[in-house]
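Asks: Any chance you can model this:
(chains A and B)
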There are 2 protein chains.
Amino acid sequence: MRESSAGLLLLGIDPGLRVTGYGLLRYSGSGMKHVGHGAIRTIPGERPARLLQVHRAIAALLEEWQVHEVAVERPFMAVNVSSAFVIGEVRAAAILAAVSAGIPVFEYSPAEVKQAVTSYGRSSKEQIQEMVRLQFALESPPQPADAADALAIAICHASRRSLRSATVASAMGGARPGRRVIAG
Amino acid sequence: MRESSAGLLLLGIDPGLRVTGYGLLRYSGSGMKHVGHGAIRTIPGERPARLLQVHRAIAALLEEWQVHEVAVERPFMAVNVSSAFVIGEVRAAAILAAVSAGIPVFEYSPAEVKQAVTSYGRSSKEQIQEMVRLQFALESPPQPADAADALAIAICHASRRSLRSATVASAMGGARPGRRVIAG
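Replies: Numbering: from 1, shown residues only, chains lettered A, B, ... in the order given. You can find the predicted model right below:
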């Protein structure tokens, strides 16, 4: 049962060629609620085929959950140039699924995401998982870590949204959600 | 008028966020024929919107020309990691258009492409343009340079294909076309 009046459905994505984590939460003025999370695991094979798997799986999630907004991490560091090529390709596979469906995509730096869930910019994978667990009062930390990261990205977006609302309400300006990279 | 019996329609793509070159040629056992070339120029704006423009323009070309096979350059060097992210994204936008339509994609290194058109692995943009012009007996060099590069990629694929045929015919094995990255 879908309640569109209950707020916005936000999808966070942590793209990876082998494992892409995703996290869904419902955001309303009063707070955020965990909806679900998981991981897309691609079948080993050539890269374009794996990109297509990610692309289609994200498109299916967007459709199934009637997602309103998507959040992803902004490209940052990579071990080397060739891994950056691959990360770029997988990010595009995910982003294109959203923009093709007219869904707005927002980007956040890894530091912004960590800050949003742990109150400081540097933290381990385990800390992220535990903070995400606490945020939603889950019984156990989200698995795999990629799904916890994706939920953290969605939390980051939701918290930026609420910051914006508060700021607009108090007419202070300045604070705003992460860079909206495309309009829906 | 389309003559599917006249050989394979090959599309070479030189992906770029601002300008993506493309080149079309028809390949048959007896040789290759220039069909067309051009460039997709994206409207300045946020990156995902530009990726979508490239993605849709390539999809439209594939459909319009009933393309049989696509060739792109394999990721190689980038000035830096952040430009590698962007190159990866644009490549994925192009590749996904093909694999979504079930069209096989082949990748070649820049050195392989240059070798195919100039007989040695290093050459300037102007040399590539001139060699492509000569190959097809065009009145002037293909413009922009991105379109000439895309034609060079298509020529590289066609010449690898003919190499393979010759090799198979003489039962020598070994030589084969560029890495076929996904089956149609």
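Asks: And for stretch A:44-62, what's in contact with it?
Replies: With Cβ atoms under 8 Å, 6 or more residues apart in numbering or on different chains as the test, stretch A:44-62 has contacts from A:11, A:13, A:15, A:17-18, A:20, A:22, A:24, A:40, A:42-43, A:67, A:70, A:86, A:89-90, A:92-94, A:96-98, A:100-101, A:103, B:92, B:95-96, B:98-100, B:105, B:181-182. C-beta: built from backbone N, CA, C; applies to glycine.
Asks: quick one: it to chain centroid distance?
Replies: 17 Å (Cα atoms, centre = their mean, to the nearest Å).
Asks: buried residues in it?
Replies: Buried positions in stretch A:44-62, judged by neighbour count with 16 or more other Cβ atoms under 10 Å in any protein chain shown: A:47-55, A:57-59, A:61-62.
Asks: mind giving me TSV with those residues and columns for secondary structure and pLDDT?
Replies: As requested, the buried residues of stretch A:44-62 are arranged in TSV below (DSSP: H, G, I helix; E, B strand; the rest coil; pLDDT from 0 to 100):
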residue	secondary structure	pLDDT
A:R47	helix	90
A:P48	helix	92
A:A49	helix	93
A:R50	helix	95
A:L51	helix	96
A:L52	helix	96
A:Q53	helix	97
A:V54	helix	97
A:H55	helix	97
A:A57	helix	98
A:I58	helix	98
A:A59	helix	98
A:L61	helix	98
A:L62	helix	98
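Asks: for those, which one is nearest A:H34?
Replies: A:L61 (15.3 Å; Cβ to Cβ).
Asks: For chain A, list the residues in contact with chain B, please.
Replies: On the criterion Cβ under 8 Å from any Cβ of the partner chain, chain B has as its neighbours in chain A the residues A:46-49, A:51-52, A:55, A:75, A:77-78, A:80-82, A:84-93, A:95-96, A:98-100, A:105, A:181-182.
Asks: from those, which would you call buried?
Replies: With neighbours counted using 16+ other Cβ under 10 Å, the residues of chain A next to chain B contain these buried positions: A:47-49, A:51-52, A:55, A:75, A:78, A:81-82, A:84-93, A:95-96, A:98-100, A:105, A:181-182.
Asks: List the ones among the contacts of stretch A:44-62 that fall in helices.
Replies: If you go by DSSP state H, the contacts of stretch A:44-62 have A:86, A:89-90, A:92-94, A:96-98, A:100, B:92, B:95-96, B:98-100 in helices.
Asks: Report the lowest-confidence entry in those.
Replies: Sorting these by pLDDT puts A:V86 at the bottom of the list (89).
Asks: For that residue, give me its contacts.
Replies: Remark: with contacts taken as Cβ under 8 Å, 6+ apart, A:V86 is in contact with A:L17, A:R47, B:P75, B:G88.
Asks: separation between it and A:G102?
Replies: Distance from A:V86 to A:G102, counting by Cβ to Cβ, to the nearest Å: 27 Å.
Asks: Which residue would be the closest one in chain A to chain B?
Replies: Shortest chain A-to-chain B distance, computed as Cβ to the nearest Cβ: residue-wise this is A:G88, at 2.4 Å.
Asks: And the closest residue in space to that residue that isn't next to it in sequence, how far from B:A137?
Replies: In space, A:G88 comes closest to B:G88 once its chain neighbours are excluded; the distance is 2.4 Å by Cβ to Cβ, 6 or more residues apart in numbering or on different chains. Counting by Cβ to Cβ, the gap from B:G88 to B:A137 is 36 Å.
Asks: Looking at the residue of chain A closest to chain B now. What's its pLDDT?
Replies: We have a pLDDT of 91 for A:G88.
Asks: so what's it up against?
Replies: A:P75, B:A84, B:F85, B:V86, B:I87, B:G88, B:E89, B:R91, B:A92.
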